[in-house]
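K.L.:
All I have is the shape, not the residue letters:
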């Protein structure tokens, strides 16, 4: 999933360029975003968004509010304080509305809003990411909306990009002033890849994207703005590397990590309990892998079994393979009647741009204020700095890639947002949480195999388990790196030895855990959803479609909130 700037109900992943954005497919999509201001809640919500969008202009743009095109957040000390104040005021104002003036749906939406704002405050204020983590900025700096999203003609988007590029030097100066050096070495590598990647992109692919615009004056303006923006990003990249890095310094600490899962996802259990839950699921998947391997590669070791699955590479490359996988997956959903598919949209598949390859795959979905625009599922090529063997291993096997395609499109993120965009809640359309989005997408990988995809084929099961084990090690690494004293090398070793990931993936994933501590949300969300399904359906598979449709109708609040609503429970609590 492509994690978007200050969105997805906000986690760090939402603050980095790795998360989903929403889709608007019908002519009346924008009209569906109209707020009824006749009641107390509607009036409040309208006022809130009028104040929220200006301090989060890139979030607004990605939702389809193009009156904010070209703007960047104010990352000065004063601007950051305003961002904090806006959220705190929203929480206070929401809580002052008399419950008697609210319907049950509005009370739910109020709790949803308060939760989102508290989650965002955690990252900005408690974790202090603006001063510590380059990943805080990369999402908001992402210019992909102007380049790749055809919301307007090329000339209009080029003008928006020029405005954006003209704002980059000031933004870079603010970031330069904010980030406290030295950075942990994983943060530096991430930051230099992002900032340096932007610099190359501005004068390279971005320039090429607007080659069709014949206005000579506009092209000259672009060149000047892009050159200055690229220089500012290169300077920023050099600055953060001007002081030798540290090997540690990335850990939130146990107290802040517990606060993270509480404030961002409503999960209030001890870290020991949380870790134990992850280890049980890791063991479950390891045992399932041993069983599948006994059929797929009898007598072979787990490593050799994985290697056999991974060796079945896409003949025409992963991008074309993913394109070929989409129609059969959609047909399977319809045949098995697993979930409703609203709308007629289809996702496109492309190679990810150079500045955004910290994830192997993600999807970019237009916002709910947009209409009729394509969603793009991006797949990243291997890092050219790796050796030949590591780069070759990074290309997924067909069944490994199938799990990713399920996760990103059918019936993962893409379908999630087809439903979210039709949620009754405006907040549900705009804010889809990290654990909800990634939990759902990860849940669907296993659900599709359980529903009979490829009729019990062991290679397909191994591909699914490859992705499940990757997420198990993310879960345990997040807790370990941030609350238990785990080193990056120990995390890397766990990815290779316990979750059977290749060296390239293990290296990338261990590093990601340092700057994205919330990446445990894939498994954490999946386990909460699976438990809720079993409790709601009573184990009756005939009720799966009804469960999936009901679950997705909420948009994307913290899963404990959804559980309380669906199970008619008085208290929102995490149940695994």
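P.N.:
All right, it came through fine. Please read these numbers as outputs of a predicted model, since none were measured by experiment. Residues are numbered from 1 along each chain as shown.
K.L.:
pLDDT weak spots in the stretch 251-400 of the chain?
P.N.:
Low-confidence segments of the stretch 251-400 of the chain (pLDDT under 70): 355-356, 358.
K.L.:
ranges for the helices of it?
P.N.:
254-265, 271-296, 302-311, 317-336, 388-394, 398-408 (DSSP state H, counting those that start in this stretch).
K.L.:
of all these, which lies closest to residue 485?
P.N.:
Nearest to residue 485, of all the helices of the stretch 251-400 of the chain, is helix 254-265, at 9.7 Å by Cβ to Cβ. C-beta coordinates here come from the backbone N, C-alpha and C atoms, glycine included.
K.L.:
How is the protein partitioned into domains?
P.N.:
Domain segmentation of the chain under automatic domain parsing yields 145-249, 258-566.
K.L.:
closest to residue 131 out of these?
P.N.:
Nearest to residue 131 among the domains of the chain is domain 145-249 (5.3 Å), distances taken as Cβ to Cβ.
K.L.:
what helix or strand does residue 445 sit in?
P.N.:
Under the criterion of DSSP states H and E, residue 445 resides in helix 434-450.
K.L.:
what angle separates the next helix or strand after that helix from helix 434-450?
P.N.:
Moving toward the C-terminus from helix 434-450, the next helix or strand (DSSP H and E) is helix 458-483. Taking axes from the mean of the first three to the mean of the last three Cα atoms, to 10 degrees, one finds helix 458-483 and helix 434-450 inclined to each other by 160 degrees.
K.L.:
what's the angle from helix 458-483 to helix 254-265?
P.N.:
Put simply, helix 458-483 runs at 130 degrees to helix 254-265, going by the same axes, to 10 degrees.
K.L.:
Helix 458-483 to helix 398-408, inter-axis angle?
P.N.:
Using the same axes, to 10 degrees, the direction of helix 458-483 lies 60 degrees away from that of helix 398-408.
K.L.:
Report the distance from helix 458-483 to the chain centre.
P.N.:
Once both centres are worked out by Cα atoms, centre = their mean, to the nearest Å, helix 458-483 turns out to sit 16 Å from its chain's centre.
K.L.:
cool, stretch 229-243 as well?
P.N.:
That offset, for stretch 229-243, works out to 26 Å (Cα atoms, centre = their mean).
K.L.:
what comes up buried for that stretch?
P.N.:
Buried residues in stretch 229-243, defined by neighbour count with 16 or more other Cβ atoms under 10 Å: 229, 230, 231, 232, 233, 234, 236, 237, 239, 240, 241.
K.L.:
if I pick the first one, what's in contact with it?
P.N.:
Yep, that's residue 229 we're talking about. Going by Cβ atoms under 8 Å, 6 or more residues apart in numbering, residue 229 touches 165, 166, 168, 169, 198, 199, 202.
K.L.:
roughly how far apart are it and residue 82?
P.N.:
Residue 229 sits 24 Å away from residue 82, taking Cβ to Cβ, to the nearest Å as the criterion.
K.L.:
neighbours of residue 95, just the number please.
P.N.:
11 (other Cβ atoms under 10 Å).
K.L.:
And what about residue 249, helix, strand or coil?
P.N.:
coil (DSSP: H, G, I helix; E, B strand; the rest coil).
K.L.:
just to revisit the earlier point, next, format the domains of the chain as JSON lines and append distance to residue 95.
P.N.:
As requested, these are exported to JSON lines (distance: least, Cβ to Cβ, whole Å):
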{"stretch": "domain 145-249", "distance to residue 95": "31"}
{"stretch": "domain 258-566", "distance to residue 95": "15"}
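K.L.:
Give me whichever of the ones you listed is most buried.
P.N.:
domain 258-566 (a mean of 21; mean count of other Cβ atoms under 10 Å).
K.L.:
end to end, how far does that one reach?
P.N.:
Terminal residues of domain 258-566 lie 26 Å apart, using Cα to Cα, to the nearest Å.
K.L.:
Report the distance from that domain to the chain centre.
P.N.:
The chain centre lies 11 Å from the centre of domain 258-566; the measure is Cα atoms, centre = their mean.
K.L.:
Stretch 218-238 now?
P.N.:
For stretch 218-238, the separation from the chain centroid amounts to 28 Å (computed by Cα atoms, centre = their mean).
K.L.:
and the helices of the stretch 251-400 of the chain as a markdown table, adding distance to residue 482?
P.N.:
A markdown table is the format used below for these (distance: least, Cβ to Cβ, whole Å):
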| stretch | distance to residue 482 |
| --- | --- |
| helix 254-265 | 5 |
| helix 271-296 | 10 |
| helix 302-311 | 28 |
| helix 317-336 | 31 |
| helix 388-394 | 26 |
| helix 398-408 | 24 |
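K.L.:
Residue 50: which of those is closest?
P.N.:
Nearest to residue 50, of all the helices of the stretch 251-400 of the chain, is helix 254-265, at 24.8 Å by Cβ to Cβ.
K.L.:
now the angle between helix 271-296 and the closest one, please.
P.N.:
Interaxial angle, helix 254-265 versus helix 271-296 (the same axes, to 10 degrees): 70 degrees.
K.L.:
tell me which strands and helices helix 254-265 is in contact with?
P.N.:
Judged by 3 or more Cβ pairs under 8 Å, 6 or more residues apart in numbering; DSSP states H and E, the packing partners of helix 254-265 are helix 104-121, helix 271-296, helix 434-450, helix 458-483, helix 521-537.
K.L.:
Show me the helices in the stretch 101-250 of the chain, by range?
P.N.:
Using DSSP H, counting those that start in this stretch, helices in the stretch 101-250 of the chain cover 104-121, 129-132, 135-141, 144-148, 154-178, 185-203, 205-209, 216-240.
K.L.:
how about the ones you listed, which one is nearest residue 348?
P.N.:
helix 144-148 (9.8 Å).
K.L.:
Contacts for the closest one, please.
P.N.:
With Cβ under 8 Å, 6+ apart, helix 144-148 has contacts from 61-62, 69, 151, 157-158, 160-161, 164, 205-206, 209, 353, 356, 364, 376.
K.L.:
cutoff 7 Å now
P.N.:
Here helix 144-148 makes contact (Cβ atoms under 7 Å, 6 or more residues apart in numbering) with 61, 62, 157, 160, 161, 164, 206, 209, 353, 364, 376.
K.L.:
How about stretch 334-344?
P.N.:
Against stretch 334-344 from outside (Cβ under 7 Å, 6+ apart): 25, 333, 411, 415, 418-419, 422, 451-452, 544-545, 548-549.
K.L.:
Ok, stretch 452-460 next?
P.N.:
Under the contact criterion Cβ under 7 Å, 6+ apart, stretch 452-460 has outside partners 292, 295, 296, 309, 332, 336, 399, 402, 449.
K.L.:
repeat for stretch 50-57
P.N.:
With Cβ under 7 Å, 6+ apart as the test, stretch 50-57 has contacts from 6, 60, 65, 68, 71, 72, 73, 82, 83, 86.
K.L.:
In these, which has the lowest confidence score?
P.N.:
Here the lowest pLDDT out of these sits on residue 6, with 29.
K.L.:
on that earlier part again, can you say which of the domains of the chain is nearest to residue 109?
P.N.:
Nearest to residue 109, of the domains of the chain and by Cβ to Cβ, is domain 258-566 at 5.0 Å.
K.L.:
coming back round to it: could you dump the helices of the stretch 101-250 of the chain into CSV and include distance to residue 441?
P.N.:
Putting those into CSV (distance: least, Cβ to Cβ, whole Å) gives the following:
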stretch, distance to residue 441
helix 104-121, 19
helix 129-132, 24
helix 135-141, 18
helix 144-148, 20
helix 154-178, 29
helix 185-203, 23
helix 205-209, 27
helix 216-240, 31
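K.L.:
Figure out which of the helices of the stretch 251-400 of the chain is closest to residue 512.
P.N.:
With Cβ to Cβ, the closest approach to residue 512 among the helices of the stretch 251-400 of the chain belongs to helix 388-394: 14.5 Å.
K.L.:
elements contacting the closest one?
P.N.:
The contact analysis (3 or more Cβ pairs under 7 Å, 6 or more residues apart in numbering; DSSP states H and E) places helix 388-394 against helix 503-515.
K.L.:
Perfect, that will be all.
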